[in-house]
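S.K.: Mind folding the following:
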Amino acid sequence: MLNTASLRTWFVLRAVRGLGDATVCRLVQAFGSPEAVLAVSADDLRNLGGLSNSLAQAVQRGPDRETQQDIDRELKALERLRLSVVTYLDVCYPPRLKTIHDPPPFLYMGGELSEADYHAVAIVGARRATHAGRLLTEQLSQELASAGFTIVSGLARGIDAAAHRGALAAQGRTVAVLGCGIDRTYPPEHQTLRKQIESNGAVVAELPLGTYPYGYHFPRRNRIISGMCLGVVVTEAEIQSGSLITARLAAEQGREVFAVPGSVKAPNSRGPNSLIKQGAKLVESVEDIVEELLPQLDGPFRERLKGRAPLQTVATPQLCKEEATIYDLLSHEPAHIDDLIAKASLAAADVAALLLSLELKNLIRQLPGHSYLRL
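M.R.: Numbers count the residues shown, from 1 in each chain. The predicted structure follows:
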């Protein structure tokens, strides 16, 4: 249940013009609570809080009457929607997020954050992801979640959604960070995915209720994604993309940066390839990520990782000669059935039957347009 009286002081402090996130958090730390910040004298705000005279007076005046009414309406809406708010001083506030330059003073939240989220890895990438990119992202996410890491991403189309789904497939934890108000779901078709995330983790946002997902909100959102985590993995991204902003923020925050390499001719591989040239850790398997993060993990988690069974590829089931022929023609890049028929020199009906057999053995996946790729 919301403590609206205490929460109101956080909202009031945030609404003071001129106070940025870093200053709000610094003041609350210095004086112990937002109530104390609003109660102290202007002299204390200047001498102990480091504020200018005009900003100290603005804090003492507080927001205007209309803003105060907006705050009251928002508090009532939060109660009606049964949403939570975790503040900078709460024990469940992500501890790594506190260490960045400008942590959000509070986060609106659906679902729950957990101590397990201390070991978090972000996976981000292109909205217009390739089928192979989404599949690889799901596999990396699933293996990391199976190892005990929380997967953090942005609920966007493409790679972000694949990252969340991979964690959910492993029955692991995942956190989605929104670039809009917590009462909105963007993109709207991810409403079901959002509910699944809230049941196995949390959906968080820093923006007030009702805030529309304007493009300029997302770079700010990205600092939260990277700030919550030990590192950021970029699987597919163009050279000018929000994912590379997240990677840059991660580097500035002292987080590890990982990138999955790809073809030099593929637009979605230019982003990860450029990160690798700049020093990002090249990722070919989940072990590349775990190995790099191991020194940063606490003792119990590190021992649990060391004691787990090695992540191994599932042995390929016994295949007949014709199945093996089709399987060998496939790779992690989509291949159209017509090309497979031509290369295999088999009848179309036989190739279709062999593809179905391989799919039932969970060795390949059919894509829209009668294309197939190897799992």
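S.K.: Would you map the strands across the stretch 201-350 of the chain?
M.R.: Applying DSSP state E, counting those that start in this stretch to the stretch 201-350 of the chain gives strands spanning 201-205, 231-234, 256-259, 281-282, 335-336.
S.K.: any idea which of the ones you listed is most buried?
M.R.: Mean neighbours per residue, mean count of other Cβ atoms under 10 Å, is largest over the strands of the stretch 201-350 of the chain for strand 231-234, with a mean of 28. Placement of C-beta: from N, CA and C, glycine included.
S.K.: Nearest to residue 267 among the strands of the stretch 201-350 of the chain would be which one?
M.R.: strand 231-234 (13.9 Å; Cβ to Cβ).
S.K.: Any idea what residue 84 is bridged to?
M.R.: Beta-bridge partners for residue 84, by DSSP bridges, are residue 109.
S.K.: contacts for the helix or strand containing residue 9?
M.R.: Residue 9 is part of helix 4-15 when elements are defined by DSSP states H and E. Residues outside helix 4-15 that contact it (Cβ atoms under 8 Å, 6 or more residues apart in numbering): 19, 24, 27-28, 33-35, 37-38, 59, 62-63, 67-68, 71-72, 74-75, 78-79, 85, 87, 105-106.
S.K.: so of those, which ones are in strands?
M.R.: Those of these mapping onto strands are 85, 87, 106, per DSSP state E.
S.K.: I'd say the first one and residue 108 touch.
M.R.: Yes. Judged on Cβ atoms under 8 Å, residue 85 makes contact with residue 108 at a distance of 5.6 Å.
S.K.: Residues that sit against both of the two, list them.
M.R.: Common neighbours of residue 85 and residue 108, using Cβ under 8 Å, 6+ apart, are residue 78.
S.K.: neighbour-wise, which of the two wins?
M.R.: Ranked by neighbour count (other Cβ atoms under 10 Å), residue 85 and residue 108 place residue 108 first, with 24 against 20.
S.K.: Isn't that one up against residue 83?
M.R.: Yes. Residue 108 is within contact range of residue 83, at 6.0 Å (criterion: Cβ under 8 Å).
S.K.: what's around the closest residue to residue 139 other than its chain neighbours, how many residues?
M.R.: Among residues not flanking residue 139 along the chain, residue 166 sits closest, at 6.7 Å (Cβ to Cβ, 6 or more residues apart in numbering). Burial of residue 166 is recorded as 27 neighbouring residues (other Cβ under 10 Å).
S.K.: Wait, residue 166 touches residue 135, no?
M.R.: No. Residue 166 is beyond contact range of residue 135, at 9.5 Å (criterion: Cβ under 8 Å).
S.K.: how does the protein divide up, domain by domain?
M.R.: Domain segmentation of the chain under automatic domain parsing yields 4-78, 115-302, 321-374.
S.K.: Make sure I have this right: residue 179 is in a helix.
M.R.: No. Remark: residue 179 does not belong to a helix; assigned using DSSP: H, G, I helix; E, B strand; the rest coil, it is coil.
S.K.: Show the contacting residues for the most centrally placed residue in the chain.
M.R.: Nearest to the geometric centre of the chain sits residue 153, at 1.4 Å (Cα atoms, centre = their mean). For residue 153, the contact set (Cβ under 8 Å, 6+ apart) comprises 122-124, 159-161, 163-164, 174-177, 225.
S.K.: Now with 10 Å, please.
M.R.: 121-125, 137, 141, 159-164, 166-167, 174-177, 197, 225, 232-233, 246 (Cβ atoms under 10 Å, 6 or more residues apart in numbering).
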